[in-house]
Every structure is written in C-alpha cells, then in structure tokens.
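A.B. asks: Give the three-dimensional model of this entry:
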Amino acid sequence: MPTRRGLVLGAGALAAMPPWRRARAAEGAERHGLSSFGELKYGPDFAHFDYVNPMAPRGGRFSAQLAATTGNQSLNTFNTLNIYVLRGDGAAGMNLTFDSLMVRALDEPDALYGLVARAVTVSPDGLTYTFALRPQARFHDGSPLTARDAAFSLKLLRDKGHPEIAEVIRPMTDARAEGDGRLVVTFEPGRARDLPLFVAQLPLFSAAYYAGRDFEASTLEAPLGSGPYRVGAVDAGRSIGLERVPDYWAAELPVNVGQNNFDAIRYEYFRDRTVAFEAFKSGAFTFREEFTARVWATGYDFPAMTEGRVVRETVPDARPSGTQGWWINTRRAAFRDPRVREAIGLCFDFEWSNRNLMYGAYTRTASFFENSDLKATGKPSAEELALLEPFKDLPPEVFGEAWAPPVSDGSGQDRALLKRADALLREAGCTRQGGGLVLPGGQPLTLEFLDEDPIFQAVTQPFIRNLGLLGIKASLRTVDPSQYQARLKDFDFDVTPRRYSSGLTPGAELRETYGSRSAGTAGSNNLSGIASPAIDALLTAVADATSRADLTTACRALDRVLRAGRYWVPMWYASTHRLALWDVYGRPTTPPKYDLGAPGTWWFDADKAKRIGRD
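C.D. replies: Numbering: from 1, shown residues only. Prediction:
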C-alpha cells in the first residue's frame, strides 16, 4: 500500500505502480475492485484467484453443521429462510442463494472484486459510488437483475433489514438506478471508511418478487435469488439443502472460477452436541469443525476413524480470533459498577478449567482483537496517547500497561484472586447479609447465566461456585433457541456467552457491537449495553482511518478502553481450526490465507469417495 513517504514522492512514483494499485490516486476512473486503503493484489484482467483450482471437478455433495452465525441465525434450529431481518431464526447457507455487487478475495485483508458490478467509479469527495452492472446478471427465474433491483435492495436493507445491517448502512443517503445498468449510491459526509465496501457485499433482491410480499416476515418460502445455489429440500429446524444452479449466470467470471463446485450442500441441525457428534460418526454429515477440546482429545476413536475413512487435521487460522466470553449486561443496575464486573470476572479460574476440562487446548483471551497486530500490548504509543488523552475521565490503567486477566494458581479457588474480588465488591458499597451479598441499595446481588446450549455448563458451574463464596447467588439457565434469541433481542439477561469476530480490517460495523447508539437498539450485538463517548470517538477513529498504520493505532487504543470497562469475562481461543472429515473432499494446494475456503473452493473427490464406500 502507499506509505506517507510514497505519496510525497509524487507522479514519478505513481507512474511506476501497476495501474490497479493506483485506485486511490485516480479518483473518477473506473475500478475493477475496491479496498479500504486502495491496494489490490489482482489486476483488471486476472483469470481467477490464486487460492482456487480452476480445473476443480464439479459434482457430489457437501454436508456440515452451521459453525458461525450472521443476522438472525441460530446454531441449533431455524424457522425462516430470511436471514436478513430481525424476526425468526434464519437458516444456514442462504447467503449462497444471493449475489452482491462485489465479492471478497480471501487472500487479502479487505479487497473486493466485481460480481454483479463490472466496475465502479468513485467521486472525488468519496461520497458517490457509481456501479456499472453486468447486463448478463440474472435471477434464477431468468429475469434480469438490474440497477433498479440493486437500488431497491440496498434501501430495503437500510430501512427494514436486521440491525447489524441497517445500523451500519444508515449513512447511505440514497441508492438510485440510472437505467438498467448504472447504480448510483450516495453517502453522508463523514461516512465511515469501509461503508461502501460493506454496501457492495450486501445481497441483491428482486424488486418484482417483493412487490407482493412482506420482506420482514418469517417465512419458509424459498426467496428468488441470483446466486450459485438455490434452496432445495427444507425440513424446518432439522436440515436445509441447497442445489447448485446449473446455468448460473456468473459461473465463469474470474471471481467464481474454481468455486461453487458441489452439486448439493446440506446443513444439519442438532440441539444437542453429543447427538450431533454421533450423527457425524455415523456419516449423517461429512464435514465437522470441532469446537470442544474434550471431544477432540478423547472422542475420535470410532471405527470410521481407525479405518481411515475419517481423517483429522489442524489448520492454522490467520484471522483475529474474536472476542469470546461472558458478556455482562450493564443495563441492569446491579452491574453498572465496573468494580462489580471485575469482581465477577476474578471468580473464573481459566487455568484450572483449561487443564481439567479442556485438555490444555486453549490460550486465555485478553484482547478484543486477539490473535492479530490490532491487539494492544505494553504501554500506549505516542500515537495511541494522542487519541486517548482528550478523555481525561478514562481509568488510569488505560494509560499504562494494557490490562490482561490475571493468571490464577490453577487450584480452582485462587484465594488471592477471590480476596481481591471481595475487596472490589466492598469498594463498590456491597455488604454481606447472612450468606448473601447485598448491593448498596439493599437488593441482593444475584446473577443468572443465560444460554441456549449446555456446552459451557462444565465450565460455568465452577465459576458459579466461586461466585457463591463471595455471597453472589448465581445460577445457570438453559432455554430453547427461540426463547434465547427473544431474550437477547430484548436484552433480558444478566450474563450470556457469545463470540464476535472483528475481521481483518475493522470499521463501522464495530459500532453495532460497541457503540452507544446500538446499546438501545433491540436485537443489536451490543449485549453489554456499552455506551461511552470515549469508545464512540475511538470507533470513529477506527472507521475513518486512512492507512493501515492509523487503523492499527485506533484499534489498539479502542482495545485498551474496552478492556478497562470490564464489560465481559474473557474466555479462551485457539489459533487453529480443528477439522474432522469423511475422506471424500479435494481442495486447492494453496488455501486462502484468511478463510478455510470450505465449501466454496473445495470439491467432491469421486475416487476418494469410492475408496471409502461413499460414492
């Protein structure tokens, strides 16, 4: 990417750059791609991404469980095929049925290349993006996908979409069609740096299809899409099948060569992880990412594994690990004091849990940008201090060594940490009455851990016992997925586990998780109710950074302030993917750096399948 020095060198330096690396220097010129800071790996005439096999065979099937959610999705069930609104529990794989203006390259941090849009032109002020659409773009019923459909889709998502979309794209002032092939999108002055990239990746809907339908409805009617797959067999709450569209209009575009190789994709749902594992062992589905260390360490001794029909491997994960932890709802009066929240966190003995329950498989999470160079370490740099010093009411620790959760003695009940927790509670005005702890207002301090899955029960129960030693009456409540989603949407909980991932180039989307506005928005990701002017200002610095160096500085400063807020009790992470596969898959020699690439770049290997009797 251009450095500050490089920009000063002037026209001679720009002339030496490949044309596609001058994207930010030539405002007003057509571009075949976009990135946050103007740098693109692939030129305008690239044939395919480097991480695909352009000769990959097509056919066969891929089957798995949903491993990560977006929009209204639940890991354990589904009751609607619309994942882009707040209502319902959305089905897996629906993103594969819709196209977008542009798509990500999985070996670059944030680069996009044209799909429905052939090219894009950016106005000198960066507030107007004009997309030239491909005339061959089609929906599955053969109707053309035009700029009118694209404009309709973007405004629909802004006005009625799920909060994690609608809140981010609110600064999009308009999306209008100029004929069938030209889409003009405008943004408010001061818009976030990555907002146009976010908009360019949104799904495109048929305006005609939704003319007589309620977009916000929960429905099992398969929507009209334009992507590489369409909905096949649906068994609500149990499984959803997707079928490859044989005449997919964009199959031979450079961004799709070597991808979307399976004839069929199926996602299976199970409300119990033990049942899900037994189903995998029996071959009910063939791709599994293992998230339970105990199972990974002790469970893979079944016949198909010992016979070589199932294989295991560990794959490096270069992406930020995310922020997995127990999120504390500061909207509730009992948890508004950060000293109370810190005391709660001191009762979790990670070292004991990791050794005794998780086979030493994990590292304690400390940062909101763990496993990346966006993580704050040591004392703030001069550049970080320039962002932090205007906020004089920040905790002193923000200006010192970056906070990290303490390391326990591994006993399960570290007396020193529990003593520190007790002191914090007393500093916060809490007192003992009998066997319980009472808040300054006279109410007992109670805490309910809310979850939809019993997977964390073994770790949560020792946590609860330690809280009890301090007089905090804690309990664990597991509810069905629908009730869980409803309670989270209304922020009706004390503490709940959740994992978020910020991506390689965080931007405006972080406001939906940590911004003051989202704290009062039903269904937002701001589970803790974070509302801080300092955090809002740092979120703006992240969103508006004009170089990766500036982005890194802003993220590190934000990380310090978020950590100091004690909004969560951090859990753990592993910088690898643990995969178990029925041995029927092929994949490219060079995988994408920032993604598993499955199922998109993988394929069904008929010879392997025949060898293990699954052809």
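
A.B. asks: Just give me the longest helix of this structure.
C.D. replies: helix 548-564 (DSSP state H).

A.B. asks: Show me what stretch 585-598 is in contact with.
C.D. replies: 49-53, 56-57, 62, 64, 106-109, 258, 286-287, 289, 315, 318-319, 504, 577, 579, 601-605, 608 (CB atoms under 8 Å, 6 or more residues apart in numbering). Any C-beta I mention is one placed from the backbone N, CA and C, and that applies to glycine too.

A.B. asks: Tell me the buried residues within the residues you listed.
C.D. replies: 49, 51-53, 56, 62, 64, 106-109, 258, 286-287, 289, 319, 504, 577, 579, 601-605, 608 (16 or more other CB atoms under 10 Å).

A.B. asks: I'd like to know which of these are part of helices.
C.D. replies: Residues of the buried ones among the contacts of stretch 585-598 located in helices (DSSP H): Lys608.

A.B. asks: Mind checking which of the buried ones among the contacts of stretch 585-598 land in strands?
C.D. replies: Judged by DSSP state E, the buried ones among the contacts of stretch 585-598 include 62, 64, 287, 289, 577, 579, 603-604 as members of strands.

A.B. asks: Farthest-apart pair in these, please.
C.D. replies: The distance between the two most remote of those (CB to CB) is 20.2 Å, for His577 and Phe604.

A.B. asks: Name the nearest of the ones in strands among the buried ones among the contacts of stretch 585-598 relative to Ile265.
C.D. replies: Using CB to CB, these come closest to Ile265 at Phe62, 4.9 Å.

A.B. asks: beta partners of that closest one?
C.D. replies: Bridge pairing for Phe62 (DSSP bridges) gives the partners Ile265.

A.B. asks: For Ala175, which three-state class applies?
C.D. replies: Following DSSP: H, G, I helix; E, B strand; the rest coil, the label given to Ala175 is strand.

A.B. asks: got the contact list for it?
C.D. replies: Residues in contact with Ala175 (CB under 8 Å, 6+ apart) are 150-151, 154-155, 183-186.

A.B. asks: which of the residues you listed lies closest to Thr323?
C.D. replies: Using CB to CB, the contacts of Ala175 come closest to Thr323 at Leu154, 28.8 Å.

A.B. asks: List the residues that contact the residue most central in space within the chain.
C.D. replies: Nearest to the mean C-alpha position of the chain, by CA atoms, centre = their mean, lies Ser501 at 4.3 Å. Neighbouring residues of Ser501 by CB under 8 Å, 6+ apart: 68, 319-323.

A.B. asks: Now Pro44: closest residue in space, sequence neighbours ignored.
C.D. replies: Excluding the flanking residues, the one nearest Pro44 by CB to CB, 6 or more residues apart in numbering is His32, at 4.3 Å.

A.B. asks: from the ones in strands among the buried ones among the contacts of stretch 585-598, which has minimum pLDDT?
C.D. replies: Note: of those, the lowest pLDDT belongs to His577, at 92.

A.B. asks: Surely it touches Ala318?
C.D. replies: No. Checked against CB atoms under 8 Å, the pair His577 and Ala318 is beyond contact range at 10.6 Å.

A.B. asks: which residues are in contact with both of these two?
C.D. replies: Joint contacts of His577 and Ala318 (CB under 8 Å, 6+ apart) do not exist.

A.B. asks: which intervals of the protein have sub-threshold pLDDT?
C.D. replies: 1-27 (pLDDT under 70).

A.B. asks: quick one on the thing from earlier: now distance to Tyr248 too, for the ones in strands among the buried ones among the contacts of stretch 585-598, in TSV please.
C.D. replies: TSV is the format used below for those (distance: CB to CB, whole Å):
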residue	distance to Tyr248
Phe62	16
Ala64	21
Phe287	22
Glu289	27
His577	28
Leu579	28
Trp603	16
Phe604	17
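
A.B. asks: From one end of stretch 563-578 to the other, what's the distance?
C.D. replies: With CA to CA, to the nearest Å as the measure, the first residue of stretch 563-578 is 28 Å from its last.

A.B. asks: correction: stretch 167-179
C.D. replies: One end of stretch 167-179 to the other measures 28 Å (CA to CA).

A.B. asks: before we move on, the earlier item: wouldn't the residue nearest to Pro44 be in contact with Tyr113 here?
C.D. replies: Yes. Between His32 and Tyr113 a contact is recorded at 6.5 Å, counting by CB under 8 Å.

A.B. asks: neighbour count winner among those two?
C.D. replies: A count of neighbours by other CB atoms under 10 Å puts Tyr113 above the other of His32 and Tyr113, at 25 against 22.

A.B. asks: Quick check: phi and psi on that one?
C.D. replies: Dihedral pair for Tyr113: phi -130, psi 160, per degrees, to the nearest 10.

A.B. asks: do the same with Pro588
C.D. replies: phi -60, psi 150.

A.B. asks: Lys473 now?
C.D. replies: Dihedral angles (degrees, to the nearest 10) for Lys473: phi -80, psi 100.

A.B. asks: Touching, it and Thr446? I think so.
C.D. replies: Yes. Using CB under 8 Å, Lys473 is in contact with Thr446, at 4.6 Å.

A.B. asks: just the strands in the stretch 201-350 of the chain please.
C.D. replies: In the stretch 201-350 of the chain, the strands defined using DSSP state E, counting those that start in this stretch lie at 229-235, 239-244, 264-268, 287-289, 310-316, 325-328.

A.B. asks: What lies in contact with the shortest one?
C.D. replies: By CB under 8 Å, 6+ apart, the surrounding residues in contact with strand 287-289 are 62-65, 67, 277, 280, 577-582, 585, 596, 598-599.

A.B. asks: That strand pairs with which strands?
C.D. replies: Looking at strand 287-289 with DSSP bridges, its partner strands are strand 576-582 (antiparallel).
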